[in-house]
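J.: One predicted model, sequence on top.
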Amino acid sequence: MIVRGVPGGPRGPARGPRASVDVFGPTHMKTVKLFIGMHLPDMLKRELLGRCDILQRVIREELGGELGQRGGVGQRGDSRILRCVPEEKLHMTLLFLGDVRESLLEEVYDAFDHAFDHAFDHATTPPVPPNSARRPHPAPRLTLTGVGAFPDSRHPRVVWVGAVDPSGETERLAQELRDQLGPAGLKHGFPVESRPFVPHITIAYPARRITAAARHALSRSLTRVQTSLATPDGAEIAGGRDASPASQASQTSRAWAVPRIAVIESTPSSAGTRYHDLHWTDFS
């Protein structure tokens, strides 16, 4: 079944038509930085961390003896080439909203609910139970695919793992969110990307200070991982105990059920960025 929530308790009854909104408004008004994302089950997060660790090994293979000769690949002797995203921060972003006025939060929540309902209305679901305002629906399921980088493997700034939802529901929801929260949905809607949505999960960033040799090794490693399954060796051993690190990092995983989709606040702190759910839909 589907459960909706906000901090402090469930939402109240549905309201009337949404008013026109001004996304940016006066600069003195308090804002929050928001994105809409999919939570991931713990086992899937551990698999993603494992892929990041494997990619580190591939990079060290590319560097060969340089680590031992120089004592590190960072400009300050740090041997870390990638900064893996901490487990608690792993998620799939469906739509980035940026700074949003607090007075507009209810409008965002309404648009989120409309987008969710429209996206999942396309799916075949059981009949609505008696006295239920929501039809039950199975959670979307994600399968991890290969490793990639933005903007590309030659100049990586973000390292990600691709994901596939065979039902197409994830892509439909991402598009509905754009429709509901973009200029077409709100009179002064949020600027949204025109590029097609590409399901992916960011797993790492290059370390801030690494040598040119390490950066080149990272680029070569990403290319190795991206092509490993296309080779006879990768196709035969991917997922096996004796698989090469490159094929292990790019292998396809089992399907994982998504536990929650949420409007998430991103807050900077001395300990790093913190995420906090403001409004969500749970699958159970």
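T.: Looks like it arrived, so ask away.
J.: Leaving out chain neighbours, which residue sits closest to residue 151?
T.: residue 157 (6.8 Å; CB to CB, 6 or more residues apart in numbering). No exception for glycine: its C-beta is placed from N, CA and C like everyone else's.
J.: Just give me the neighbour total for that neighbour.
T.: By other CB atoms under 10 Å, the residues close to residue 157 number 10.
J.: check contacts around it.
T.: Each residue near residue 157 by CB atoms under 8 Å, 6 or more residues apart in numbering is listed here: 149, 150, 151, 205, 206.
J.: Now, these that are in strands?
T.: 149, 150, 205, 206 (DSSP state E).
J.: Next, give me the two most distant ones among those residues.
T.: 150 and 206 (11.5 Å; CB to CB).
J.: so what's in contact with the two at the same time?
T.: With CB under 8 Å, 6+ apart, residue 150 and residue 206 have common neighbours 156, 157.
J.: which of the two has more neighbours?
T.: residue 206 (20 against 14).
J.: The more buried one reaches residue 155, doesn't it?
T.: No. Taking contacts as CB atoms under 8 Å, residue 206 lies outside contact range of residue 155: 9.9 Å.
J.: Next one: residue 200 relative to residue 31, how far apart?
T.: 27 Å (CB to CB, to the nearest Å).
J.: Just give me the longest helix of the protein.
T.: helix 42-63 (DSSP state H).
J.: contacting residues around residue 171?
T.: Residue 171 neighbours (CB under 8 Å, 6+ apart): 165, 197, 199.
J.: residues touching residue 178, list them.
T.: Contacts of residue 178 by CB under 8 Å, 6+ apart are 95, 192, 193, 197.
J.: Would you tell me which one of those comes nearest to residue 174?
T.: Looking across these and measuring by CB to CB, the closest to residue 174 is residue 197, at 4.0 Å.
J.: Please name the nearest non-neighbouring residue to that closest one.
T.: residue 174 (4.0 Å).
J.: The one you found is in what secondary structure piece?
T.: Secondary structure from DSSP states H and E places residue 174 in helix 169-181.
J.: pLDDT of that helix, averaged?
T.: Average pLDDT, helix 169-181: 93.
J.: With stretch 138-146 instead?
T.: 88.
J.: which outside residues touch it?
T.: 38, 40, 44, 47-48, 51, 92, 161-167, 169-170, 173, 199, 201, 225-226, 229, 250, 252-259, 283.
J.: Could you export that stretch as CSV, CA atoms only?
T.: Provided in CSV are the C-alpha atoms of stretch 138-146 (Å, rounded to 0.1, in the frame of the first residue of the first chain):
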residue,chain,number,x,y,z
PRO,A,138,3.7,-2.2,-5.5
ALA,A,139,6.9,-0.3,-5.1
PRO,A,140,8.9,0.6,-8.2
ARG,A,141,11.9,-1.8,-8.6
LEU,A,142,15.3,-0.7,-9.7
THR,A,143,18.1,-2.7,-11.2
LEU,A,144,21.6,-1.3,-11.2
THR,A,145,23.6,-1.3,-14.5
GLY,A,146,27.0,0.1,-15.4
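J.: re the thing from before, so which of the contacts of stretch 138-146 belong to helices?
T.: 44, 47, 48, 51, 169, 170, 173, 225, 226, 250.
J.: May I see those organised as JSON lines, with neighbour count and distance to residue 104 added?
T.: Output for these, formatted as JSON lines (neighbours: other CB atoms under 10 Å; distance: CB to CB, whole Å):
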{"residue": "44", "neighbour count": "24", "distance to residue 104": "32"}
{"residue": "47", "neighbour count": "17", "distance to residue 104": "36"}
{"residue": "48", "neighbour count": "23", "distance to residue 104": "33"}
{"residue": "51", "neighbour count": "26", "distance to residue 104": "37"}
{"residue": "169", "neighbour count": "19", "distance to residue 104": "27"}
{"residue": "170", "neighbour count": "23", "distance to residue 104": "25"}
{"residue": "173", "neighbour count": "24", "distance to residue 104": "21"}
{"residue": "225", "neighbour count": "29", "distance to residue 104": "41"}
{"residue": "226", "neighbour count": "17", "distance to residue 104": "40"}
{"residue": "250", "neighbour count": "30", "distance to residue 104": "41"}
